[in-house]
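Peer 1: need a structure here:
(chains A and B)
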Amino acid sequence: MTITVTPQTFSYVSFDADLIGRVAQSLVGALGLEDHPVSIEVDETTPLARSSVALSDDMGVVDNISIRVESGAFEDTRRPRQQSENATATTLGRVLLRARDRLLGGFGEAPPDDELSLAQMAAWETYCVGRLVRLGIEVNQQRWRYNFRNRHGFSDAADAAFDRIWAGDGLTWGELDEISRAASAT
Amino acid sequence: MRKFFPVEELARDGRFNQITMKDRMADPRTVLGKDGVRPSSNRLVPSRPDASTAARVLMHGIFVGEIQALEGAGRTCHDFRTAGDQARRAQDAAAGDDSGADAVPFALKLDMARQAWDEARHVEISVKLSDWMGGEIGEIAENTVLQAACSTDPVLRLAGVNRALEGLAIDVFTTMKEFGDLAGDPFLEFCEDWMLADEVTHVKMGSDWLRKVTENDPERRKKALEFQGIVDKLFSYGGTRSDSEESPIGLARRFRELAGFTDSEVEDIAEVSLAALNERKDAVARLQAEAASQFAGR
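Peer 2: Residues are numbered from 1 along each chain as shown, chains lettered A, B, ... in the order given. Okay, here's the model as predicted:
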């Protein structure tokens, strides 16, 4: 299992590269991604909290998982510029699960991340975070429900779709997208 | 009973973590883009990919702002003597405080009491809206802007709390109300609209009392308006609120007009807000250069 974190020392924030590496290692093990080298790049110049993941082929043998994160995604919002282990785990877990979905199959027809609609992204995030909870990571479900409602409407149908995705396991992209579309249409 | 609490001694439980404006401004990170490349808009609208998080964070800011406004209005009722209140004057004199310069009209105190009642309701509404959006009490560091609420001059309190802090609330509620409307959130738009109506009233009360109390004292009025200008700039949070699309929160010109701001006063606030935005950008560039040179020197 190879995990690299960049930078190793932070100047804008008080983050710990070793902690990021340990959290990533634990998640990679839990998600069965040990065969895939993981690189994590933290942009500490911005307090925004965006994260992205890309898969790249290394001579056609192993898919590398490249994660890029803005510092706000790992931050303890109660203590600006300090790191939160829970936020680190939630952010890394979300992107690693998206990577795993693409790697393990069933998500072949999913558009690239930057072409996903806001509703599709909200549905996929819901699917990822629901699974993270079952891995023992503490999250506020209502926060993700609100995000899902913002993208699918404030309706009972949207809530039912959210519950189904949250509890889901083994969904394909086609199934996930269909639940999202149906909720939006209602 | 003790009067005039300093800002450090105001009540908060263990869920809250307070930071000062100085701490906040020492953060070298910026959302404004690197190398002079400005994002086209930072306005809080549902189409922003991070809209839900940004709205939840702003809601927490509203919640703590309401607590601070409640403290400001409530303490104004108690801290200052009512004009003509001989019993209180005698009580104060017995306690060694013989100053009579802080006397305020009884009707002003009644307005502050009404405002405290409104703010308490707003705190409760904000907690419920936070729950609805998946927020938690204390999850975001609280910016302490209470210096404006701790002034020992009632006129400066009116300028700082009612016109500057509550004026900011008008801008924030307008942005949040529009967000709720566009997102189709059935509660957010409705609640913000009701609170906005109260805030316009609070600012109007501040505007009216400021003029009335300083009617025959142009120097005091000038000082109060200068103080308001300083607080307005501080409450622009480095340009978080301004007319520029780079700011998440816009300036609610129409509601400010309804609240008793003159056109030139609104223009002044627009100007100081934009200046705060530009100063913040310069400061961030400087802090980033310092951080980069420290990093290079390792």
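Peer 1: Secondary structure element holding A:Ser52?
Peer 2: Following DSSP states H and E, the helix or strand that holds A:Ser52 is strand A:51-58.
Peer 1: Partner strands of that strand, with direction?
Peer 2: Strands adjacent to strand A:51-58 in the sheet, as given by DSSP bridges, are strand A:62-70 (antiparallel).
Peer 1: Report the buried residues of the partner strand.
Peer 2: Residues of strand A:62-70 classed as buried by neighbour count (16 or more other C-beta atoms under 10 Å in any protein chain shown): A:Asp63, A:Ile65, A:Ser66, A:Ile67, A:Arg68, A:Val69, A:Glu70. Yep, even glycine has a C-beta here, placed from its N, CA and C like the rest.
Peer 1: now stretch B:221-235
Peer 2: Neighbour counts using 16+ other C-beta under 10 Å place B:Arg221, B:Lys223, B:Ala224, B:Leu225, B:Phe227, B:Gln228, B:Gly229, B:Val231, B:Asp232, B:Lys233, B:Leu234, B:Phe235 of stretch B:221-235 among the buried residues.
Peer 1: Distance check, the residue in chain B positioned nearest to chain A against B:Ser47.
Peer 2: Using C-beta to the nearest C-beta, the single residue of chain B nearest to chain A is B:Gly134, 2.8 Å away. B:Gly134 sits 20 Å away from B:Ser47, taking C-beta to C-beta, to the nearest Å as the criterion.
Peer 1: from chain A, which residue is nearest to chain B?
Peer 2: Here chain A gets closest to chain B at one residue, A:Arg143, 2.8 Å apart by C-beta to the nearest C-beta.
Peer 1: which ones are touching the closest residue to that residue other than its chain neighbours?
Peer 2: If the residues on either side of it in the chain are set aside, A:Arg143 comes closest to B:Gly134, at 2.8 Å by C-beta to C-beta, 6 or more residues apart in numbering or on different chains. The contact partners of B:Gly134, by C-beta atoms under 8 Å, 6 or more residues apart in numbering or on different chains, come to A:Asn140, A:Gln141, A:Gln142, A:Arg143, A:Trp144, A:Arg145, A:Tyr146, A:Asn147, B:Ser52, B:Arg56.
Peer 1: What about B:Thr82? Give its phi and psi, please.
Peer 2: phi -80, psi 140 (degrees, to the nearest 10).
Peer 1: residues near residue 22, how many?
Peer 2: You didn't say which chain, so I picked chain A. 15 (other C-beta atoms under 10 Å in any protein chain shown).
Peer 1: not what I meant, chain B
Peer 2: 7.
Peer 1: Also the one 5 residues further on?
Peer 2: Using other C-beta under 10 Å as the criterion, B:Asp27 is surrounded by 17 other residues.
Peer 1: again, but for B:Ala197
Peer 2: B:Ala197 - counted by other C-beta under 10 Å - has 13 other residues nearby.
Peer 1: Let me know the pLDDT of it.
Peer 2: The predicted structure scores B:Ala197 at 93 on the pLDDT scale.
Peer 1: hey, where'd the helices end up in the stretch 51-200 of chain B?
Peer 2: Taking DSSP state H, counting those that start in this stretch, the helices of the stretch 51-200 of chain B run over residues B:51-79, B:86-94, B:106-132, B:154-157, B:166-183, B:188-213.
Peer 1: Turn those into JSON lines, columns for distance to chain A.
Peer 2: Conversion of the helices of the stretch 51-200 of chain B to JSON lines gives the following (distance: least, C-beta to the nearest C-beta, whole Å):
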{"stretch": "helix B:51-79", "distance to chain A": "4"}
{"stretch": "helix B:86-94", "distance to chain A": "40"}
{"stretch": "helix B:106-132", "distance to chain A": "7"}
{"stretch": "helix B:154-157", "distance to chain A": "29"}
{"stretch": "helix B:166-183", "distance to chain A": "5"}
{"stretch": "helix B:188-213", "distance to chain A": "9"}
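Peer 1: out of those, which comes closest to B:Glu290?
Peer 2: Between B:Glu290 and those, the shortest separation by C-beta to C-beta is 26.9 Å, and it involves helix B:51-79.
Peer 1: Mind checking the pLDDT average for the closest one?
Peer 2: Confidence over helix B:51-79, taken as the mean pLDDT, stands at 91.
Peer 1: From the chain's centroid, how far away is stretch A:72-92?
Peer 2: Its chain's C-alpha centre and that of stretch A:72-92 lie 14 Å apart, by C-alpha atoms, centre = their mean, to the nearest Å.
Peer 1: Spell out which parts of chain A neighbour chain B.
Peer 2: Counting by C-beta under 8 Å from any C-beta of the partner chain, the residues of chain A close to chain B are A:9, A:11-13, A:44-50, A:71, A:77-81, A:118, A:121, A:140-147, A:149-150, A:153-154.
Peer 1: What subset of these is buried?
Peer 2: A:11-13, A:44-49, A:71, A:77-78, A:80-81, A:118, A:121, A:140, A:142-147, A:149-150, A:153-154.
Peer 1: among the helices and strands of chain A, which has the poorest mean pLDDT?
Peer 2: Taking mean pLDDT, DSSP states H and E as the measure, the helix or strand of chain A with the lowest value is strand A:51-58, at a mean of 87.
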